[in-house]
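J.: return atomic coordinates for the entry below.
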Amino acid sequence: MGFGDLKSPSGLKVLNDYLADRSYIEGLPGVKQPLSKYGPQNVADTTSAKAVDDDDDNDIDLFGSDDEEESAEAKRLKEERLAQYEAKKSKKPALIAKSSILLDVKPWDDETDMVKLEECVRSVTMDGLLWGASKLVPVGYGIKKLQIQCVVEDDKVGTDMLEEAIVAFEDYVQSVDVAAFNKV
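T.: Predicted structure coming up:
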């Protein structure tokens, strides 16, 4: 019984003929059998020990399955590097989300003291709020609005809170609009 040398055309033909009316080659599960135990009985075993020994050159493990010592060493090295990374990461300060806001503060009329209006706006202090540059921008009919820049920490200061605090100066401020809002 056997298929012969499966590297030769005659061995492949015997295997092909054998599988023509079968879906698989029968064998004992879990028990390795010599090649000559499979297939039809009238085929001589043309595989030799020398041919089998020549096949040892193809036993290269392309997927790199290591033995236990290398695996344990790689695992230890990986854990060490992860610990170093976590230690380095914990030393870094957490990034604080900030936004740059440009506000348009509109006065009641052309007689509103714009210097006093700006002083009132800058008097608003909150944790996470930093006032920046400002300028007066003409609106029309001699009325100017105050355009002022500020940087806020998103977790501490919201635009609604900021607008409410500025609009609280009712004698000077008619309304506040957000002209520009950018994440920093």
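J.: mean confidence score for stretch 94-107?
T.: Averaged across stretch 94-107, pLDDT comes to 91.
J.: I'd like the numbering to begin with 251 instead of 1 from here.
T.: Noted, 251 is the first residue going forward, which turns the last one into stretch 344-357.
J.: may I have it exported as PDB, CA atoms only?
T.: C-alpha atoms of stretch 344-357 as PDB (Å, rounded to 0.1, in the frame of the first residue of the first chain):
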ATOM      1  CA  ALA A 344      -1.800  66.100  31.200                       C
ATOM      2  CA  LEU A 345      -2.700  68.200  28.200                       C
ATOM      3  CA  ILE A 346      -5.200  71.000  29.100                       C
ATOM      4  CA  ALA A 347      -7.800  71.700  26.400                       C
ATOM      5  CA  LYS A 348      -7.800  75.500  25.700                       C
ATOM      6  CA  SER A 349      -9.700  77.700  23.400                       C
ATOM      7  CA  SER A 350      -9.000  81.100  21.900                       C
ATOM      8  CA  ILE A 351     -12.100  83.300  21.800                       C
ATOM      9  CA  LEU A 352     -12.600  86.700  20.100                       C
ATOM     10  CA  LEU A 353     -15.500  88.600  21.700                       C
ATOM     11  CA  ASP A 354     -17.500  91.500  20.300                       C
ATOM     12  CA  VAL A 355     -18.700  93.700  23.200                       C
ATOM     13  CA  LYS A 356     -21.300  96.200  22.000                       C
ATOM     14  CA  PRO A 357     -22.000  99.400  23.900                       C
END
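J.: what does it contact?
T.: 364, 367, 371, 387, 389, 393-405, 409, 412-413, 416, 422-434 (Cβ atoms under 8 Å, 6 or more residues apart in numbering). All C-beta spots, glycine's among them, are computed from the backbone N, C-alpha and C.
J.: host element of N266?
T.: Under the criterion of DSSP states H and E, N266 resides in helix 259-268.
J.: how far does that helix sit from the chain's center?
T.: With Cα atoms, centre = their mean, to the nearest Å as the basis, helix 259-268 stands 53 Å off its chain's centre.
J.: what's around the closest residue to Y422 other than its chain neighbours, how many residues?
T.: Excluding the flanking residues, the one nearest Y422 by Cβ to Cβ, 6 or more residues apart in numbering is L367, at 4.2 Å. Neighbour count of L367, defined by other Cβ atoms under 10 Å: 24.
J.: equivalent analysis for D427, please.
T.: D427 has 11 nearby residues by other Cβ under 10 Å.
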